[in-house]
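J.: give me a model of this one.
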Amino acid sequence: MWEASYGKEPFDLRLTVLRVIRNFGLILAAAIGGTLLFGGGYYVKNVLLRPDPSYRAASTYRVEYRVAEETDVSTVHINEMTWNTYVDTQLFLDEMEQYLKNSYSGEELAEAVNVVMASNLRVISTVVVTDSPEKSLEIAGAAESALTRDFPSQLSEVISISVMDPAAGTEEIYPDVRPLRAVLLSALLSFFFALVFVLLRELGSDSIWLPSTLWRRYGLRPAGTMHSPELWENLGFFFRGKKEIAVCPVQEGTDPAQVADELRRMCPKEELWQDAEWVPVPAPLLCPESCRALRQADGILLAVAAGSHAGKQLERTLEFLEQQDCKITCVLLWGADETLLRVYYGFRKQPAFQKGTED
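T.: Model (predicted):
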């Protein structure tokens with residue numbers, strides 16, 4: 001009875017690396033697609049469809065606090081966040097509106113004016129950012145008038161506020177756009193996630209790429225692949241003296257007649273098969289009645305198509321054949337990646353068939 005040995009099967013780093021290299025085209029295509037999607041989207045949004053610039057007007061003030069000693073200034077609990085809360089209040093906005101020529105909504109003014117405390121408690125700055133130079137200068141002037149004339153009387157901690165550097169002009173502001181960095185980051189992340197996806201797919205696809213996997217995982221005797229140098233020696237040993245050999249595939253896409261014809265065509269030792277009859281039998285899971293022909297055969301050659309998701313189909317086939325008392329003689333890995341096998345085993349070229357003599 002066959003037993004799956006997943007827990008005992010070692011992780012094959014060499015095979016995993018080769019499979020990743022085999023899928024490098026997919027990884028590269030995904031990386032290019034991700035770069036075009038994310039990096040190109042960033043470029044279109046921030047360069048081709050770049051919004052209009054904003055204009056910044058800044059004013060600097062000196063604040064005199066109501067403290068007993070000069071050293072007590074640090075005890076005043078008015079920081080940058082407090083000033084920004086003050087300038088967003090309806091009281092301050094109403095005082096600003098007295099010095100504005102044009103009418104603005106309270107939300108527009110609150111969004112435009114911000115307070116920055118760059119050095120210490122005595123020095124603050126108002127920064128006004130709008131979509132036009134004239135609007136920025138007008139709101140900045142109104143903020144200067146409101147802060148220096150009316151607002152200090154509302155604060156018990158403040159004696160007076162004076163303008164040290166009024167807003168005399170505006171500075172044009174563009175968004176910080178770095179398309180090259182965005183493209184490189186998109187390429188790197190796309191390549192990384194494509195690599196992780198391929199690795200996860202290879203590790204979880206229950207694939208069969210090597211003949212040795214059939215032995216290590218399922219305890220089956222692998223004859224090799226159609227181009228293995230040991231194939232014919234193994235078949236001669238497994239089927240010596242047998243008259244009727246059933247060729248049975250596992251997957252529905254494998255034609256047993258094609259496998260049998262290919263074996264007859266490529267066999268270098270015709271004398272070994274003179275009396276043997278290769279009988280194509282449909283896959284047991286497609287045609288359960290084929291088990292009757294398998295039980296009557298002298299030997300069973302199970303053809304397993306190499307590739308992803310081959311393991312579960314093979315497991316189900318083995319379970320069914322075990323129940324039907326069909327003894328598998330050996331297994332042929334059909335459609336194997338011969339280039340992968342040569343690189344995996346370190347062959348520079350495909351070894352020639354060894355034409356031995358029958359014992």
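J.: from here on, contacts and neighbour counts on C-alpha atoms
T.: Fine.
J.: now stretch 331-338: mean pLDDT?
T.: Per-residue pLDDT values over stretch 331-338 give a mean of 94.
J.: residues in contact with it?
T.: For stretch 331-338, contacts defined as Cα atoms under 8 Å, 6 or more residues apart in numbering pick out 209-211, 214, 220-227, 301-307.
J.: for it, C-alpha coordinates in PDB please.
T.: Taking Å, rounded to 0.1, in the frame of the first residue of the first chain, the C-alpha atoms of stretch 331-338 are listed here in PDB:
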ATOM      1  CA  VAL A 331       5.900   5.000 -13.300                       C
ATOM      2  CA  LEU A 332       6.900   7.100 -16.300                       C
ATOM      3  CA  LEU A 333       7.200  10.900 -15.900                       C
ATOM      4  CA  TRP A 334       5.600  12.100 -19.100                       C
ATOM      5  CA  GLY A 335       6.200  15.500 -20.700                       C
ATOM      6  CA  ALA A 336       9.100  16.300 -18.300                       C
ATOM      7  CA  ASP A 337      11.100  19.500 -18.600                       C
ATOM      8  CA  GLU A 338      14.400  17.900 -19.900                       C
END
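J.: please point out which parts of that stretch sit buried.
T.: Residues of stretch 331-338 classed as buried by neighbour count (16 or more other Cα atoms under 10 Å): Val331, Leu332, Leu333, Trp334, Gly335, Ala336, Glu338.
J.: now do the helices in the stretch 151-300 of the chain.
T.: Taking DSSP state H, counting those that start in this stretch as the test, the helices found in the stretch 151-300 of the chain are 179-204, 211-218, 231-238, 256-266, 290-296.
J.: can I get the ones you listed in CSV with mean pLDDT and distance to Leu137?
T.: Listed next are these as CSV, based on pLDDT from 0 to 100; distance: least, Cα to Cα, whole Å:
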stretch, mean pLDDT, distance to Leu137
helix 179-204, 93, 32
helix 211-218, 90, 77
helix 231-238, 88, 88
helix 256-266, 88, 85
helix 290-296, 92, 90
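J.: quick check, Ile124 in a strand?
T.: Yes - per DSSP: H, G, I helix; E, B strand; the rest coil, Ile124 lies within a strand segment.
J.: need the longest strand for this protein.
T.: For the chain, the strand with the greatest residue count under DSSP state E is strand 54-65.
J.: now do the helix or strand in which Ser145 is found against strand 54-65, angle only.
T.: Secondary structure assigned from DSSP states H and E places Ser145 in helix 133-145. Angle of helix 133-145 versus strand 54-65, following axes from the mean of the first three to the mean of the last three Cα atoms, to 10 degrees, is 10 degrees.
J.: give me the number of neighbouring residues for Val193.
T.: Just so we're on the same page, residue 193 is Phe rather than Val. 15 (other Cα atoms under 10 Å).
J.: what's the answer for Glu172, then?
T.: Around Glu172 there are 13 other residues, counting by other Cα under 10 Å.
J.: right, and it touches Ser54 too?
T.: Yes - counting by Cα atoms under 8 Å, Glu172 touches Ser54, with 5.9 Å between them.
J.: so Glu144 sits against Val163, correct?
T.: Yes - contact between Glu144 and Val163 holds when scored by Cα under 8 Å: they sit 7.1 Å apart.
J.: list residues touching both of the two?
T.: Contacts common to Glu144 and Val163, judged by Cα under 8 Å, 6+ apart, are Ser59.
J.: of these two, which one has the most company?
T.: Shown here are Glu144 and Val163; by other Cα under 10 Å, Glu144 has more neighbours (22 against 18).
J.: show me the shaky parts of the stretch 51-200 of the chain.
T.: Judged by pLDDT under 70, the stretch 51-200 of the chain has its weakly predicted residues at 68, 70-74.
J.: if we go to 90?
T.: Where the stretch 51-200 of the chain drops to pLDDT under 90, the residues are 51-54, 64-79, 82, 98, 101-106, 118-122, 131, 150-159, 168-179.
J.: overlap in contacts of Glu172 and Ser54?
T.: Residues touching both Glu172 and Ser54 (Cα under 8 Å, 6+ apart): there are none.
J.: how far off centre is stretch 214-227?
T.: Stretch 214-227 sits 34 Å away from the centroid of its parent chain (Cα atoms, centre = their mean, to the nearest Å).
J.: flag every buried residue along it.
T.: The neighbour-count check on stretch 214-227 (16+ other Cα under 10 Å) flags Leu214, Arg216, Arg217, Tyr218, Leu220, Arg221, Pro222, Ala223, Gly224, Thr225, Met226, His227 as buried.
J.: how close does the second one get to Ala118?
T.: Arg216 sits 70 Å away from Ala118, going by Cα to Cα, to the nearest Å.
J.: hang on, the earlier thing: columns distance to Ala140 on top of the buried residues of stretch 214-227, output as a markdown table?
T.: Listed next are these as a markdown table, based on distance: Cα to Cα, whole Å:
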| residue | distance to Ala140 |
| --- | --- |
| Leu214 | 79 |
| Arg216 | 79 |
| Arg217 | 77 |
| Tyr218 | 80 |
| Leu220 | 84 |
| Arg221 | 86 |
| Pro222 | 84 |
| Ala223 | 87 |
| Gly224 | 84 |
| Thr225 | 82 |
| Met226 | 84 |
| His227 | 83 |
